[in-house]
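> no sequence for this one, just the structure:
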């Protein structure tokens, strides 16, 4: 299994950014995929999840209405579109793969190495 | 939202020690708890899920238990590579939440 994030950058408050996660080594459609972030020196915060077929999504309240998760199953890609970025969105963003695509398997079995998003003026 | 309160926040121990980390949920969440290990500069890795199931490749010195709404991660005999930060996680309901972490040093 390999998960490779990209797209992190230094961006001004109010700006937009799209993160990508390239997945390989497993049957992509069989696993829900998620984004987790970690502010500098802080703990883990779950951000969003998308089901294996892409039809069901959930968001943390802190990003609802600003971030959009999506996936391209034909190319095994996961995305996070981030709009209206705030200073408090700064951190490392990890993509992760669920153990399986059912409610009892929402454990984050595999993680990417992360991509750094810095929101600052 | 389901809150997870982890304790202690910091834990000082030595190689060979047995240590335990506690994670208390704000409401009943069945067995829907996992534990992750994170080393500096690295992504977290899954240690235990469903309260007590060891992820493939995780040494048997790690174990997880539950009593009511309190979940415990135990390490039976600390090895040098175990010094890291540990997080509990609940998957019972969205939003998925994590404990604040325990730094083992």
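In hand now; what should we look at? The structure presented is a predicted model; accordingly, all values stated were derived computationally and were not measured.
> does chain B sit close to stretch A:78-94?
Yes. Contact of stretch A:78-94 with chain B (CB under 8 Å from any CB of the partner chain) involves residue A:94. Any C-beta I mention is one placed from the backbone N, CA and C, and that applies to glycine too.
> confidence score at residue B:15?
At residue B:15, the model reports a pLDDT of 97.
> quick one: it and residue B:83, what's the gap?
Distance of residue B:15 to residue B:83, given as CB to CB, to the nearest Å: 9 Å.
> kindly report the same for residue A:102.
Distance of residue A:102 to residue B:83, computed by CB to CB: 35 Å.
> strands along chain B, start to end?
Applying DSSP state E to chain B gives strands spanning B:4-7, B:10-11, B:19-25, B:33-38, B:45-49, B:53-54, B:62-67, B:70-75, B:85-90, B:97-98, B:102-104.
> thinking again about what came up before, who's more crowded, residue A:102 and residue B:83?
More neighbours surround residue B:83 than the other of residue A:102 and residue B:83, with 16 against 11 (other CB atoms under 10 Å in any protein chain shown).
> where do the strands sit along chain A?
Going by DSSP E, chain A shows strands at A:2-6, A:10-11, A:17-24, A:33-38, A:44-50, A:57-59, A:67-72, A:77-82, A:91-98, A:108-111, A:115-119.
> show me what from chain B comes close to chain A.
Neighbours of chain A within chain B, by CB under 8 Å from any CB: B:32, B:34, B:36, B:38, B:42-46, B:49-50, B:55, B:87, B:89, B:91, B:94-101.
> just the buried ones among the residues you listed, please.
B:32, B:34, B:36, B:38, B:43-46, B:49-50, B:55, B:87, B:89, B:91, B:94-101 (16 or more other CB atoms under 10 Å in any protein chain shown).
> please list all residues in contact with the closest residue to residue B:69 other than its chain neighbours.
Closest residue to residue B:69 apart from its sequence neighbours, by CB to CB, 6 or more residues apart in numbering or on different chains: residue B:25 at 4.4 Å. Neighbour list for residue B:25: B:2, B:3, B:4, B:33, B:69, B:70, B:71, B:90 [criterion: CB atoms under 8 Å, 6 or more residues apart in numbering or on different chains].
> of those, select the buried ones using a ChimeraX command.
To isolate the buried ones among the contacts of residue B:25 in ChimeraX, judged by 16+ other CB under 10 Å, type:
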select /B:2,4,33,69,71,90
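> CSV for the contacts of residue B:25, including pLDDT and distance to residue A:55?
Output for the contacts of residue B:25, formatted as CSV (pLDDT from 0 to 100; distance: CB to CB, whole Å):
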residue, pLDDT, distance to residue A:55
B:2, 96, 25
B:3, 97, 30
B:4, 98, 29
B:33, 97, 27
B:69, 96, 33
B:70, 97, 36
B:71, 98, 32
B:90, 97, 24
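> ok, the contacts of residue B:25 vs residue A:41, which is closest?
residue B:4 (19.4 Å; CB to CB).
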